[in-house]
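Undergrad: Generate a structure from the sequence data that follows.
(4 chains, ligands or ions: 6)
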Amino acid sequence: MKKLINNPNDVVKEMIEGLLAAHPSYLRKLDNIDVIVRKDAPVEGKVGLVSGGGSGHEPAHAGYVGYGMLDAACPGAVFTSPTPDQIYEAIKAVDGGKGVLLIIKNYTGDVMNFEMAREMAQMEGIEVDEVIVNDDVAVENSTWTQGRRGIAGTVFVHKIAGAKAQEGASLQEVKRVAEKVIANVRSMGMALTPCTVPAAGKPSFTLAEDEMEIGIGIHGEPGTHREKIKPADEIVEHLMEKIINDLPYKENDEVAVMINGLGATPLMELYVANRKVAEILESKKIKVYKTYVGEFMTSLEMSGFSITLLKLDEELKTLLDAKADTPAFKQL
Amino acid sequence: MKKLINNPNDVVKEMIEGLLAAHPSYLRKLDNIDVIVRKDAPVEGKVGLVSGGGSGHEPAHAGYVGYGMLDAACPGAVFTSPTPDQIYEAIKAVDGGKGVLLIIKNYTGDVMNFEMAREMAQMEGIEVDEVIVNDDVAVENSTWTQGRRGIAGTVFVHKIAGAKAQEGASLQEVKRVAEKVIANVRSMGMALTPCTVPAAGKPSFTLAEDEMEIGIGIHGEPGTHREKIKPADEIVEHLMEKIINDLPYKENDEVAVMINGLGATPLMELYVANRKVAEILESKKIKVYKTYVGEFMTSLEMSGFSITLLKLDEELKTLLDAKADTPAFKQL
Amino acid sequence: MVITKNDVLKIVDKIVEVIKENKEYLTELDAAIGDADHGINLDRGFDAVKQKLTTLPETTDIGTILKTIGMTLVSTVGGASGPLYGTAFMRAGQVVQGKNELSEEDIVKIFEAALDGIKQRGKAEAGDKTMIDSIEPAYKALKDSLENNIALPEALNRAANAAKEGMEYTKNISARKGRASYLGERSIGHLDPGATSAYLMIKSFSDVVNLS
Amino acid sequence: MVITKNDVLKIVDKIVEVIKENKEYLTELDAAIGDADHGINLDRGFDAVKQKLTTLPETTDIGTILKTIGMTLVSTVGGASGPLYGTAFMRAGQVVQGKNELSEEDIVKIFEAALDGIKQRGKAEAGDKTMIDSIEPAYKALKDSLENNIALPEALNRAANAAKEGMEYTKNISARKGRASYLGERSIGHLDPGATSAYLMIKSFSDVVNLS
Ligand SMILES: Nc1ncnc2c1ncn2[C@@H]1O[C@H](COP(=O)(O)OP(=O)(O)O)[C@@H](O)[C@H]1O
Ligand SMILES: Nc1ncnc2c1ncn2[C@@H]1O[C@H](COP(=O)(O)OP(=O)(O)O)[C@@H](O)[C@H]1O
Ligand SMILES: [Mg+2]
Ligand SMILES: [Mg+2]
Ligand SMILES: [Mg+2]
Ligand SMILES: [Mg+2]
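TA: Ligands and ions are numbered 1, 2, ... in the order given. Predicted structure coming up:
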């Protein structure tokens, strides 16, 4: 395990310290508990947005705390959802009197921990609602399973619900746009190499030198299948087919695109992928409104990427374009 | 070689296509030659800033083309400086009547290619000047060698000279602040794993599972020495000692900090490193004015990072804080 | 036979120890069909439990001890297993509130409350390839044995054996809850990490009682 | 003996071929003390040269051919070797402008012009561990041999041998120019990639003349 860390058990604590040292004008931490909030939290008269998840997905989620996005992020242990007390303290810290929306990725652990926290906060009379993001088309959506995983599409929920909350909208309205994003966003990823949870000390899975995993989860969960590495264009074609056919995205639709690196994939390769994504969308007459290329929802040092499409209407376009100013997501 | 690419020989071409597809509101490419310019180039009455270098350092340099930073970037082949005709065309395309400043990283090849282009443009009557960035303290500065390499500190030159040019300053003034940055910026990096030039197909060097290279160059050039991997804090201490003692940075100085990932290092680990950087600076009573953590000047999929310090005065602070809006560097 | 407060503490110590011994093993099981953290999560939680129990007054009753364990697990484990095991211990504590020793009936109640808590919290059933697949058969075996007048140590032994069988059965089925469910059929052939950790805890319970 | 335009084209073909054969080898040499691209760079450049030469009219003179090669290298190779070899060929072309065959004197002039161009452009000297370390001894050997009335094929053979020795000598010295200079003493023990490619080109020149 080659990592730039000290003791594997201190990695989350030290990351948070480094994060706070880097962004003192954006962020502060609550006393005695791992909750990162906007410097100016609670913002009076604004719905508070709380998200979080296991650590190891940086810049998610603390990197999205700030103007026009989240009010608080709860970092759990690496790849482990945060605990109810973290989330509960976050809710209390960001409640500006208009209620709090929890943005949860659809994992059993996340849902349970967030819902326990929600119950705790509601008992104190705080208005709390939630949305559950499940954009990963690699996973069959069935009533017999946990349902789809939440992956990079979550960042669009943060951005758009964040813009709506920043406008001063009600909890109900913020929840409505968040759910509109969730209804219109689809993602799928793949990995070339695995990642290693620091405390585990060895890779979560192994791939041969000529193998890749299609449909990988952002915690290194196995995907739909494994196959020999193919040229980037063929990989993109496969992922795009799954994504486009799922909603489905249709001729004359307008979309936002996110090409998300999983941690170790050079930006150069993400652009090579985007080239093919743009070509496919053009050939299907789906219009690209805006494209984001970079690392938004990572899996430690995994090499691989995911593609996310979000179908836009006028409302979503305006909110997507709205100003945001957070450590990891800035838009003028 | 596990890469998300098609044919290794097409990687730069396809990257550029993907880049243009992603950022049509920021960038355009000149016809028939690999030069990326601001959408609105040439900006009348503004000094034009041209930089560039080998590809493989993304988001450098095309990611910094836009409002408040560069006017053009010339991407060469992977790790190979661009050719004079690219640079010459870039100069012509961004000359808004106030002259053009070339921002060159101190490599023999870069310097020769940029200077050949400069001669060509000057013969056509365009006012062209240049600065050479050489921030890497890993390399001995001696008249007997090429001198120090230019690495991540270059991004501060782009930012600050870019802000000055955006103000409408003269070529002489823009050059003066660029040189002030160069005089006050120092960097040093290290690698945990090597990178592979796509066309070469195998790693530029090898490191044992327990080894790291200290003082690595951004093209995988060997560094000062190789040793057993140490905890992050000890690595940071070593790099910081070299950097701080070089200028030297002193008590009561104010600095900007850049923690730059080389390609495959998770943001989590960069924050762990920043924690120690902040601690060391505090202990030396050097004040941190602003910190940037992320991937700014990469080396393909190399795992490792560099630390950059820039000593600030009031002028540099104002310019560093100025608005910037480029694909990879946004500041409100 | 009754279980004293001291026995309870010994059982908890044993669980802490066994989880630590199996930290890597449980994590590897989770790597195969999940996200490679189950052993790490539980070990972090039970370390905190051990720590926390040293801060409780001598006079603390068994119910409060179990609830404290549950709350500590909830606030330190995270993931799916944190709320699930946390709820299990908290519910178990509720049904023996104020007691300083546990009758055989109490022990059945504890198992029942824990199992119900997990099922409610996780909305899963036996056969979904979760910890329920070892806990439910263990509960049934314990209850049956005691109803048939089998002594507690042997009843617990049978419960542990039933848990083991349940755990092994998870190898043959595909997951319908939790992270492993994303794998569908591909989860077949792998033990469920939570079913394994649940077995280890029940086995620890049985071992301590059988050895004392 | 004279070198015809046809000979020049044969020599260029040979260089294109030899660079392609040694693409990996030159890149590996560069990996050790540079940035692992020298062979890739030159191969890309000489591929472009080959392509470009097919577009020149039949009547093109040797000077123009050499200048075209130089300009093509400058605009396709990049890095340090692009401007250096580019300048070398352009300068060589200048001194034989308009000619359709080259005398022995012309050939000495070509070598001289190329060497001077590289030195001016790169501000390096013999002993700095660069391509100059094979080109300068080759130039001297060629000039000496021809002054001593040795026939051109043998003179070129001696030049190639001198280039080889010069190249091998780069293994013993530390770099003071180019990317390898960052290594200081650590560059000792490695052949300079540019000195190696320069030797390969001179050797190609000699081989073609000696075989025809
Ligand atoms: N809905 C559920 N009901 C009961 N047990 C569950 C449920 N979901 C997951 N589990 C159990 O939790 C275990 C995984 O725990 P852990 O790895 O700590 O959490 P996570 O999956 O969040 O990483 C699984 O092996 C399974 O036994
Ligand atoms: N200043 C110089 N003068 C002469 N030759 C040089 C100089 N700098 C570098 N070289 C030659 O260029 C070679 C490296 O070429 P190449 O790898 O293509 O360029 P780069 O170093 O830019 O990657 C070196 O091996 C050396 O022979
Ligand atoms: Mg987990
Ligand atoms: Mg190079
Ligand atoms: Mg797990
Ligand atoms: Mg090179």
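
Undergrad: Now chain C against ligand 2: closest residue?
TA: Going by Cβ to the nearest ligand atom, ligand 2 is nearest to residue C:36 of chain C, at 41.0 Å. From N, CA and C alone the C-beta is placed, and that goes for glycine too.

Undergrad: quick one: secondary structure of that residue?
TA: Per DSSP: H, G, I helix; E, B strand; the rest coil, the local secondary structure of residue C:36 is coil.

Undergrad: now it: how far from residue A:4?
TA: Using Cβ to Cβ, to the nearest Å, one gets 20 Å for the distance from residue C:36 to residue A:4.

Undergrad: If you count surrounding residues, which of these two has more?
TA: Shown here are residue C:36 and residue A:4; by other Cβ atoms under 10 Å in any protein chain shown, residue C:36 has more neighbours (30 against 25).

Undergrad: Not including adjacent chain positions, what is the nearest residue to the more buried one?
TA: Spatial nearest neighbour of residue C:36, chain neighbours left out: residue A:204 (4.1 Å); criterion: Cβ to Cβ, 6 or more residues apart in numbering or on different chains.

Undergrad: Who are the contact partners of that neighbour?
TA: By Cβ atoms under 8 Å, 6 or more residues apart in numbering or on different chains, residue A:204 lies in contact with A:194, A:195, A:196, A:197, A:219, A:220, C:31, C:35, C:36.

Undergrad: who are the neighbours in contact with the residue of chain C found nearest ligand 1?
TA: At 1.9 Å from ligand 1, residue C:194 is the closest residue in chain C, using Cβ to the nearest ligand atom. Contacts for residue C:194 (Cβ under 8 Å, 6+ apart) come out as C:38, C:80, C:81, C:84, C:130, C:131, C:178.

Undergrad: Next one: it relative to residue B:325, how far apart?
TA: Relative to residue B:325, and taking Cβ to Cβ, residue C:194 is found at 49 Å.

Undergrad: so which strand or helix has residue A:244?
TA: Using DSSP states H and E, residue A:244 maps to helix A:232-246.

Undergrad: So that helix, near chain C or not?
TA: No - applying Cβ under 8 Å from any Cβ of the partner chain, one finds helix A:232-246 separated from chain C by no less than 14.5 Å.

Undergrad: For the residue of chain C closest to ligand 1, which non-adjacent residue is closest in space?
TA: Closest to residue C:194 by Cβ to Cβ, 6+ apart is residue C:131, at 3.7 Å.

Undergrad: Can you get me a residue count around the closest residue to residue A:42 other than its chain neighbours?
TA: Excluding its sequence neighbours, the residue lying closest to residue A:42 (Cβ to Cβ, 6+ apart) is residue A:96, at 4.1 Å. Close neighbours of residue A:96, defined as other Cβ under 10 Å, add up to 17.

Undergrad: got a list of what residue A:96 touches?
TA: A:41, A:42, A:43, A:44, A:45, A:46, A:47, A:48.

Undergrad: what's the nearest residue to the last one if we skip its chain neighbours?
TA: It refers to residue A:48. Using Cβ to Cβ, 6+ apart and skipping residues adjacent in sequence, the residue nearest residue A:48 is residue A:94, 3.3 Å away.

Undergrad: Enumerate every residue touching that neighbour.
TA: A:37, A:38, A:41, A:42, A:43, A:48, A:49, A:50, A:71, A:72, A:100.

Undergrad: shouldn't the first one be in contact with residue A:27?
TA: What it means is residue A:37. Yes - in this structure residue A:37 lies within contact range of residue A:27 using Cβ atoms under 8 Å: 7.2 Å.

Undergrad: List the residues that are in contact with both of those two.
TA: With Cβ under 8 Å, 6+ apart, residue A:37 and residue A:27 have common neighbours residue A:65.

Undergrad: quick one: low-confidence parts of the chain?
TA: All of this is about chain A. Applying pLDDT under 70 to chain A flags residues A:141-145.

Undergrad: Would you map the strands across it?
TA: In chain A, strands defined by DSSP state E lie at A:27-29, A:36-38, A:48-55, A:72-78, A:100-105, A:128-133, A:185-193, A:211-214, A:225-228, A:254-261, A:287-294, A:303-311, A:324-325, A:330-331, listed in chain order.

Undergrad: List the buried residues for the third one?
TA: Residues A:48, A:49, A:50, A:51, A:52, A:53, A:54, A:55 are the ones in strand A:48-55 that count as buried (16 or more other Cβ atoms under 10 Å in any protein chain shown).

Undergrad: Distance of the first one relative to residue A:164?
TA: Separation of residue A:48 from residue A:164 (Cβ to Cβ) stands at 13 Å.

Undergrad: ditto for the last one
TA: Taken as Cβ to Cβ, the spacing of residue A:55 relative to residue A:164 amounts to 27 Å.

Undergrad: do residue C:163 as well
TA: 49 Å.

Undergrad: Ligand 3 contacts on the stretch 51-200 of chain A?
TA: A:79, A:80 (Cβ under 5 Å from the ion).

Undergrad: which bits of the stretch 51-200 of chain A sit near chain B?
TA: A:55, A:56, A:58, A:59, A:63, A:192, A:193.

Undergrad: Tell me what the first one is bridged to.
TA: Per DSSP bridges, residues listed as beta-bridge partners of residue A:55: residue A:78.

Undergrad: Run through the helices of chain C in chain order.
TA: Remark: helices assigned in chain C by DSSP state H are C:5-21, C:23-33, C:38-53, C:62-76, C:81-95, C:104-122, C:132-147, C:152-169, C:193-211.

Undergrad: actually chain A, not the one I wrote
TA: Using DSSP H, the helices of chain A run over residues A:11-22, A:84-94, A:108-123, A:154-166, A:171-184, A:232-246, A:267-283, A:314-321.
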